[in-house]
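In: from the sequence below, what's the structure:
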Amino acid sequence: LEPIISKGKSGNGGGGVFAREPLEDMGIVHQLSTSVKQVKILFGDHDWMRFNEPSARSVVQGLRRRGIRADVSVLSNAGHHLYLDNSDEFVSEILT
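Out: Numbers count the residues shown, from 1 in each chain. You can find the predicted model right below:
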């Protein structure tokens with residue numbers, strides 16, 4: 001996915017590329033090919049992105065409305081870089 005570029009809301013600058021744009025604002029649901037049948041979304045239990053935020057729930061609901069199986073898993077002892085923080089659980093989740 002391409003980075004989200006914001007021009008700022010007040011027209012006085014303040015725009016830029018933001019990593020913390022809400023998931024639903026990124027258009028993830030609409031960017032997926034219609035051939036996608038399943039998506040697994042992983043979060044760390046200490047991630048700055050929260051699996052229970054409205055935007056995350058909205059993405060899951062949007063995927064499911066399109067007939068895509070959307071599963072969410074929260075990995076223990078992991079932050080945003082869960083593949084480094086808890087590689088064993090990360091690999092286990094990817095392979096299941």
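
In: how near is residue 93 to residue 44?
Out: Distance, residue 93 to residue 44, by CB to CB, to the nearest Å: 11 Å. All C-beta spots, glycine's among them, are computed from the backbone N, C-alpha and C.

In: correct me, but residue 64 touches residue 70?
Out: Yes: using CB atoms under 8 Å, residue 64 is in contact with residue 70, at 5.4 Å.

In: okay, these two: which has more neighbours?
Out: residue 70 (17 against 13; other CB atoms under 10 Å).

In: residues of the longest helix along the chain that come out buried?
Out: For the chain, the longest helix by residue count, based on DSSP state H, is helix 54-65. By 16 or more other CB atoms under 10 Å, the buried positions in helix 54-65 come out as 56, 59-60, 62-63.

In: could the residues you listed be laid out in CSV, adding pLDDT and distance to residue 36?
Out: Shown next, in CSV, are the buried residues of helix 54-65 (pLDDT from 0 to 100; distance: CB to CB, whole Å):
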residue, pLDDT, distance to residue 36
56, 78, 18
59, 82, 13
60, 86, 14
62, 86, 12
63, 86, 9
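
In: can you put the residues you listed in CSV and add distance to residue 29?
Out: Output for the buried residues of helix 54-65, formatted as CSV (distance: CB to CB, whole Å):
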residue, distance to residue 29
56, 12
59, 6
60, 9
62, 4
63, 6
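
In: so who does residue 82 touch?
Out: Applying CB atoms under 8 Å, 6 or more residues apart in numbering, we find residue 82 in contact with 42-44, 47, 75, 89-90.
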